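> Build me a structure from this.
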Amino acid sequence: QVQLVESGGGLVQAGGSLGLSCAASGSIFSIYAMGWYRQAPGKQRELVARIPSGGSSNYADSVKGRFTISRDNAKNTAYMQMNSLKPEDTAVYYCNEDIRVRRSARVNVYWGQGTQVTVSS
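Numbers count the residues shown, from 1 in each chain. This next block holds a predicted model:
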């Protein structure tokens, strides 16, 4: 079984910063792309940032220049540093990873449990 555990959400004032992390554990052969999504009340879940196993990361236009996604492959962990936070960044943030659990298995998508980020004005 693969489990993604997120940490780092919380309450911050507008203009502040928060860091999120997402650690994958369990039977893991290889992790491909890692990403962060968010879902605000009454809205659909949306992609915030995604980092492939090789190549450039991509970001939602609304967070470019403020959020930075990174990964530590040795720790099977994805990170996202969020700076200059705005009230509209308030949402539940979910990590998402494409993982192959053994050499012969297909790649499956796994999700974290979500962590609340609240930005006050």
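> Can I get stretch 75-85 as CSV, trimmed to CA atoms?
Only the C-alpha atoms of stretch 75-85 are listed here, as CSV (Å, rounded to 0.1, in the frame of the first residue of the first chain):
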residue,chain,number,x,y,z
LYS,A,75,12.9,11.0,0.6
ASN,A,76,10.0,10.4,-1.8
THR,A,77,8.8,13.9,-0.8
ALA,A,78,7.3,16.8,-2.7
TYR,A,79,7.3,20.3,-1.3
MET,A,80,5.7,23.6,-2.2
GLN,A,81,6.8,26.9,-0.9
MET,A,82,4.0,29.5,-1.0
ASN,A,83,4.9,33.2,-0.7
SER,A,84,2.9,36.4,-0.9
LEU,A,85,-0.2,34.5,-0.1
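> Which positions are bridged to the most centrally placed residue in the chain in the beta structure?
Central residue of the chain (Cα atoms, centre = their mean): Trp36, 2.7 Å from the mean position. Beta-bridge partners recorded for Trp36 (DSSP bridges): Ala49, Cys95.
> who's in contact with it?
Counting by Cβ atoms under 8 Å, 6 or more residues apart in numbering, Trp36 makes contact with 20, 22, 47-50, 69, 78, 80, 93-96. All C-beta spots, glycine's among them, are computed from the backbone N, C-alpha and C.
> same deal with Val117?
By Cβ under 8 Å, 6+ apart, the contact set of Val117 is 9-10, 12, 18, 20, 38, 82, 85, 89-93.
> got a winner among these for most neighbours?
Ranked by neighbour count (other Cβ atoms under 10 Å), the contacts of Val117 have Met82 at the top, with 26 neighbours.
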